[in-house]
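**Q** sequence first, predicted model second:
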Amino acid sequence: MIRHIVLIRFRDDLPEAAIDAIFADLHAIRAVLPGVIAITAGRSESPEQIERGYLHGFVPDFTDWDALAAYQAHPDHRRVSEALIANAVGGLDGILVFDLAVKD
């Protein structure tokens, strides 16, 4: 399984409802794309509070690297990506991505 971890520093002027709408669009991808096991998204609730401004994130899990590649190429993902970049602090600079192969 591949865990795709994305952390976002959204602009301060962006309402939570707009963030929720972006995440809803993200969740809809699971219904149209095989190989997506699960998608979890939301605001950090860390008691450590060391997010360094990355207060929101999401984690899609994929069956394998091919499923992740299909997700990245899918037009719905590209649309969500454009919304993330447009609403992140500094555009792409406000987004961190980390892919992790998870062993059984």
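**A** Yep, it's here.
**Q** how about the strands of the chain, start to end?
**A** 2-8, 36-43, 56-62, 95-101 (DSSP state E).
**Q** show me where this protein has its helices.
**A** With DSSP state H applied, the chain shows helices at 16-32, 65-73, 75-87, listed in chain order.
**Q** tabulate the ones you listed in JSON lines, adding columns for mean neighbour count.
**A** Using the backbone N, CA and C atoms, a C-beta is placed for each residue, glycine as well. Below are the helices of the chain laid out as JSON lines (neighbours: other C-beta atoms under 10 Å):
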{"stretch": "helix 16-32", "mean neighbour count": "14"}
{"stretch": "helix 65-73", "mean neighbour count": "15"}
{"stretch": "helix 75-87", "mean neighbour count": "15"}
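**Q** surely Ala70 meets Ile29?
**A** No: in this structure Ala70 lies outside contact range of Ile29 using C-beta atoms under 8 Å: 10.4 Å.
**Q** what does Val102 show for phi and psi?
**A** Torsion angles at Val102 (phi, psi; degrees, to the nearest 10) stand at phi -110, psi 120.
**Q** that one against Arg3, yeah?
**A** Yes: using C-beta under 8 Å, Val102 is in contact with Arg3, at 5.3 Å.
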